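*Asks:* What follows is a protein structure lacking sequence information:
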């Protein structure tokens, strides 16, 4: 050990007695300083302006620790590979070129002392670079209120491991040639290959796993993001050990006159051992995780974790079906399998390791669908698949033919898209992907699907039909499919574990399995028998949602009045020169924001930054009283204003703007109620009912409720569905420094300190030369 330290000391002396080390140190410091001071100066200026403009300013929308340093970390990692080869290119071949290596071999110094000593010197130099990073992080810690110091330490660890990995690789390359420039170039090439190899030959199973392990690309992303895993730490340590072993083998082989097969077998043996250890340390169930962020942004939401606990540890089999002729097909190709496993499923596997992933590839289309035949100008589906395989440069033999696949499973109802089937204890459910840029489902979709597998009953939302009501299956502008039964919609209830269906009350009774009844804007009067069935459902304590529309008050008022609610005659109007008069912005009340954990509602409750609004396209005012035994509270309203009133007359929206005429019955109010919730206890259980004076705000055309979205359904389902996955909000929303301090930091870090470092190096080198 003493010899190792002496070698390291001598190597450090050589490093700092050369201008390269000092130049790299200064350049690295300036690079970090620019990346650190630029956002800090910008944010400090913005904060001071906002605080001067608004004393009640709530701070930035996201954490400042991330805002200030995320870009800095990325730049450090992206540029680090430029520095290390310049340090390592001469660390061993300098001895080879000068012949001093022979003196070392003849001295009582072992080969491993030489290798470990020189590597230790590089580690010390990297520690100096990390110390510079620590200076900026310390400054950030005192400049940011509630700064995430644990995340700072994690980032330093990631950069340190990466730098030392680079150093080990460079050390080995330096032992291969006696020419420093050649060693530097080869080191750059090796770094490039280790980054690019992740995207090479990914369609082959064995090669894909091998290149994924060897690739340096993205290895620091988890650690830089605040998630330390044993897999990533072991990866860096194993790569370091591998290249140090390679260096030992290389230097040892130069001292021996053995056949080249001996050295090759040593290289191969080390490589296989490291690969085996890498495989073991990356197996599900053997990986340790530590999320050190304050917001736990790298960890599965606690609500989703609770859903996973509903499974008892039995195997969960996930089969990914990829249709060559389907949507988002590329995401399911073998070349993207590691991204599918490690970017999508890893967080779930972390908390439920007993997951088995399977893959099926096929091509098929709906019967009678000739779109692909026309697109490729072919006559058969087989020919279309061949063209598509050629387009994607993938083997057609990988994909099963339609007849073969249909014998295994019917995917017709899934539109033959990219879909996963989850199987647990013999029960099977589909987990769908979507045709957006994200493709893969969210946590609430995973939770909803797993609950379908673990629970005896699935919530059933029943929509009445027979009077031209809004339909949960149709995709028209006024319909409700996108938030209910459209399997291709990310926000649909069906994808979150809730079933929807329709019932014609004129011919059918409400099934006992119904969890909620929805009456959505009937356009013709309900028959007495239908009204009676609805009233009977309500009397028994059934939950319900009523969507009414102005101009059709008579359709639902007979039922609503039994609850203590009446939709007042007339339409709320707000004339303005830019929009039709019946369009206006409603506000979700504090009570409405507490209905459910929809992201926007949760955001308002947590931050109180702003109230969210919904767009009404014709709404009616709701009057209510509590004489019927219900507790009634407003959940949607609109403030009274000079140019807003209830138009009692015949409203023509595409003609001249309406004029307020109180003599004709027009009414102005201080507040217009467009949505209420009702609750009471029936047979020991709380009955929940929602009434809205507008149905259009939930339509496909109107973004299906906007920030309100599924809140009414969630509340009426006792907030068990959907399973929301809102995260913890950041606390580091303020800086502790002002504009002037932020501005002053730039010259200090970018000019003054680097100048001091450079001057120190110059003085040291001049004094060394004189001696």
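*Replies:* Cool, got the structure. Nothing here was measured: the structure is a model prediction, and the numbers come from that model.

*Asks:* Could you list every helix and strand in contact with the helix or strand containing residue 21?
*Replies:* Applying DSSP states H and E as the criterion places residue 21 in helix 19-53. Other helices and strands packing on helix 19-53, by 3 or more C-beta pairs under 8 Å, 6 or more residues apart in numbering; DSSP states H and E, are helix 64-88, helix 111-143, helix 739-747, helix 753-770. Where you see a C-beta, it was placed from the backbone N, CA and C, and this is true even at glycine.

*Asks:* Let me see the mean pLDDT of that helix.
*Replies:* Mean pLDDT, helix 19-53: 89.

*Asks:* In that helix, which residues are buried?
*Replies:* 21-22, 24-33, 35-37, 39-41, 43-44, 47-48 (16 or more other C-beta atoms under 10 Å).

*Asks:* mind checking the SS state of the residue nearest to residue 349 when sequence neighbours are not counted?
*Replies:* Leaving aside its chain neighbours, residue 349 sits nearest to residue 284 (4.6 Å; criterion: C-beta to C-beta, 6 or more residues apart in numbering). Taken by DSSP: H, G, I helix; E, B strand; the rest coil, the conformation at residue 284 corresponds to coil.

*Asks:* neighbours around residue 284, how many?
*Replies:* Using other C-beta atoms under 10 Å, residue 284 is surrounded by 17 other residues.

*Asks:* Can you give me every residue that contacts it?
*Replies:* 349-350, 353, 355 (C-beta atoms under 8 Å, 6 or more residues apart in numbering).

*Asks:* Sort out for me which of those are in strands.
*Replies:* Within these, residues falling in strands by DSSP state E are residue 355.

*Asks:* and the two most separated of the contacts of residue 284?
*Replies:* With C-beta to C-beta as the measure, no two of the contacts of residue 284 lie farther apart than 350 and 355, at 10.3 Å.

*Asks:* least trustworthy helix or strand in this protein by mean pLDDT?
*Replies:* helix 100-106 (a mean of 56; mean pLDDT, DSSP states H and E).

*Asks:* And the average pLDDT for stretch 624-639 is what?
*Replies:* Averaged over stretch 624-639, pLDDT sits at 94.

*Asks:* What is the distance between it and the centre of its chain?
*Replies:* 38 Å (C-alpha atoms, centre = their mean, to the nearest Å).

*Asks:* show me where pLDDT drops low in the stretch 151-300 of the chain?
*Replies:* Along the stretch 151-300 of the chain, the parts satisfying pLDDT under 70 run over 199-206, 255-257.

*Asks:* Not counting its neighbours along the chain, what's nearest residue 331?
*Replies:* Leaving aside its chain neighbours, residue 331 sits nearest to residue 439 (4.8 Å; criterion: C-beta to C-beta, 6+ apart).

*Asks:* A strand includes the one you found, no?
*Replies:* No: counting by three-state DSSP, residue 439 is not part of a strand but coil.

*Asks:* Can you report how many residues neighbour it?
*Replies:* Other residues close to residue 439 by other C-beta under 10 Å number 17.

*Asks:* which residues does it contact?
*Replies:* Listed by C-beta under 8 Å, 6+ apart, the contact partners of residue 439 are 328, 331, 418, 433.

*Asks:* Much appreciated, bye for now.
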